[in-house]
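*Asks:* Dropping the sequence and predicted coords here.
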Amino acid sequence: QVQLVESGGGLVQAGGSLRLSCAASGRTFSSYAMGWFRQAPGKEREVVAAINWSGEYTYYAGSVKGRFTISRDNAKNTVYLQMNSLKPEDTAVYYCASAKRPYSGRIFDMKEYEYWGQGTQVTVSS
């Protein structure tokens, strides 16, 4: 059974930084793409960033490009999201997710993800 546990959310002032972590268990972590998604109140869930199984390829939503960095440590079965220069519009529940198929190339496509964490709240005050 795949389990994903996020941590690192919290309250931060605009311009500040946070680092989210997602620890995975239950299958061979290094074979699957991982993604970070977010959902703000009244809005649909959207992709924030994604990384392929090896860490060689990444994808970022336009709204976070240049401010957020996704990375993974396959030895620790963990994916990270470093968030800098945070804005109030980044306020949301952030979820990590694991792809349904190994070695998937469509890392930007939410439909490619099958397992989800419980989410962690990120609140950015102005």
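*Replies:* Thanks, I have the structure now. Computed from a prediction, not measured in an experiment: that's the story for all the values here.
*Asks:* contacts and neighbour counts: CA atoms only from here.
*Replies:* Noted.
*Asks:* partner residues bridging Phe68?
*Replies:* Phe68 forms beta bridges with Met83, as assigned by DSSP bridges.
*Asks:* My read is that Ser54 contacts Ser30, right?
*Replies:* Yes. The criterion here is CA atoms under 8 Å, and Ser54 meets it with Ser30 at 6.7 Å.
*Asks:* So which of those two has more stuff around it?
*Replies:* Ser30 (20 against 15; other CA atoms under 10 Å).
*Asks:* Please tell me how far Ser98 sits from Arg67.
*Replies:* Distance of Ser98 to Arg67, computed by CA to CA, to the nearest Å: 22 Å.
*Asks:* Kindly report the same for Leu20.
*Replies:* 14 Å.
*Asks:* Now the common contact residues for those two.
*Replies:* Contact criterion CA atoms under 8 Å, 6 or more residues apart in numbering; residues shared by Leu20 and Arg67: Met83.
*Asks:* which of these two has more neighbours?
*Replies:* With neighbours defined as other CA under 10 Å, Leu20 and Arg67 compare such that Leu20 has more, 21 against 13.
*Asks:* Tell me where this protein is predicted with low confidence.
*Replies:* Residues of the chain meeting the criterion pLDDT under 70: none.
*Asks:* all helices for it, in order.
*Replies:* Read by DSSP state H, the chain holds no helices at all.
*Asks:* How about the residue in it that sits furthest from its center?
*Replies:* For the chain, the residue at maximal distance from the C-alpha centroid (CA atoms, centre = their mean) is Ser126, at 23.0 Å.
*Asks:* isn't that residue right up against Gln13?
*Replies:* Yes. Using CA under 8 Å, Ser126 is in contact with Gln13, at 6.2 Å.
*Asks:* Number of residues surrounding Val93?
*Replies:* Neighbouring residues of Val93 were enumerated by other CA under 10 Å; the total is 18.
*Asks:* so what's it bridging to?
*Replies:* Gln39, Gln121.
*Asks:* I am finished for the moment; much appreciated.
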